[in-house]
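Participant: using only what follows, build the 3D model:
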Amino acid sequence: MPAVKTLYPFLFVTLLLAMVGSHASAPVKENQFKDIKKTAIDSEKDKQRLQDTAVLLARYEIEAKRLIDMLAEKNTGSNGISDQAGKLMSLSEEVIMSARFRLPQCDDYLAKSITLKDRLGKISHDQLETDYHMDGALPKAPAECYHTKDLFVHPATVKVLTRDDPALTDTTRSSIKAEIEEVLAHTEVVRQLVIY
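Facilitator: Numbering: from 1, shown residues only. Predicted coordinates for the structure are as follows:
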């Protein structure tokens with residue numbers, strides 16, 4: 001049995017990497033960070049902007065973990081989960097603004113990704129997956145761009161899931177948890193890309 005317990009983290013990471021790798025853009029490998037074009041940070045204003053973004057990313061992680069905790073509470077309804085996902089979307093929009101500045105090659109891609117918020121009332125889950133998770137409605141962009149986009153798209157997906165299943169069946173709760181756990185894996189990559 002101890003061998004099984006040590007196998008679970010390995011399986012989770014393997015599954016997570018497979019999920020991340022299945023998106024339209026390939027994930028950034030650690031040794032690629034040094035080759036990615038970034039806007040130079042020369043002014044005090046720019047330095048403050050990145051410090052503010054670092055705080056936003058930390059808040060994002062806290063709020064994402066709070067959403068996961070809320071899912072474990074059976075008395076938490078779909079409105080509470082949807083509202084928490086909305087907080088994550090708001091935080092991610094601010095991070096996206098900094099990413100558009102720091103990674104100019106991602107500007108158009110990231111700008112188009114947040115147009116999803118105008119479609120949330122009507123877009124189907126399947127269409128959201130095709131258009132935004134797999135980039136069908138987004139312009140071509142380098143691999144480093146998609147991590148920041150996912151900070152917005154995953155909580156938007158949670159909002160669609162709660163809209164479509166306000167009773168929050170166990171299947172929906174499981175799907176929501178997977179969305180948020182996956183996006184938490186992106187936050188450190190975004191931190192490396194945008195802050196450092």
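Participant: so where's this structure uncertain?
Facilitator: The model of the chain has pLDDT under 70 over residues 1-33.
Participant: hmm, try it at 90
Facilitator: Along the chain, the parts satisfying pLDDT under 90 run over 1-35, 74-75, 196.
Participant: grab the most central residue of this protein for me.
Facilitator: In the chain, the residue lying closest to the centroid (CA atoms, centre = their mean) is residue 151, at 2.3 Å.
Participant: if we ignore the residues flanking it in sequence, what's nearest that residue?
Facilitator: Distances taken as CB to CB, 6 or more residues apart in numbering put residue 92 closest to residue 151, at 3.8 Å, once the chain neighbours are dropped. For glycine as for every other residue, the C-beta is placed from the backbone atoms N, C-alpha and C.
Participant: phi, psi for the one you found please.
Facilitator: When read as degrees, to the nearest 10, the backbone of residue 92 gives phi -70, psi -30.
Participant: show me what contacts it?
Facilitator: Residue 92 makes contact with 60, 148, 151-152, 155, according to CB atoms under 8 Å, 6 or more residues apart in numbering.
Participant: please repeat the previous calculation with a cut-off of 10 Å.
Facilitator: By CB atoms under 10 Å, 6 or more residues apart in numbering, residue 92 lies in contact with 56-57, 60, 64, 99, 113-114, 148-156, 183, 187, 190.
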